[in-house]
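Trainee: the following block contains a protein sequence and its predicted model.
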Amino acid sequence: MAVTPTDTLQKQPPPDWDAAVKVDAQSLPCPQPLLAMRRALREHEAGTLLCVMATDEGSWRDFHSFAALSGRPLLRAERRNNTFLYWLYAGK
């Protein structure tokens, strides 16, 4: 299952998903993947595409809730085998 970009993001060129900075949160229990993502959002230059990799089942709910509550778009979310992948742009 994938989440598609919002209308405002569709006006920009499509992101290079494979070039995203990888944030490895695999094998971390809840809420550590979300905390790793928040740390990466602050540490990287605004506009940097991040891909958070997590294996915690609860991360799916957590990342979608974070996006809805924060207003920060979750550009894409996928499950590949036992790994969840989440793409977001860094910045404030």
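Mentor: Arrived safely, thanks for sending.
Trainee: for the protein, what spans make up the helices?
Mentor: Taking DSSP state H as the criterion, the chain carries its helices at 7-10, 32-43, 59-70.
Trainee: could the ones you listed be laid out in TSV, adding distance to residue 52?
Mentor: The way it works is simple: take the backbone N, C-alpha and C, and place the C-beta from them, glycine included. Putting the helices of the chain into TSV (distance: least, Cβ to Cβ, whole Å) gives the following:
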stretch	distance to residue 52
helix 7-10	18
helix 32-43	5
helix 59-70	7
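Trainee: weakest of the ones you listed by average pLDDT?
Mentor: Within those, the least confident segment by mean pLDDT turns out to be helix 7-10, at a mean of 48.
Trainee: can you lay out the helices of the chain as CSV showing mean neighbour count and distance to residue 81?
Mentor: CSV is the format used below for the helices of the chain (neighbours: other Cβ atoms under 10 Å; distance: least, Cβ to Cβ, whole Å):
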stretch, mean neighbour count, distance to residue 81
helix 7-10, 9, 27
helix 32-43, 17, 16
helix 59-70, 16, 14
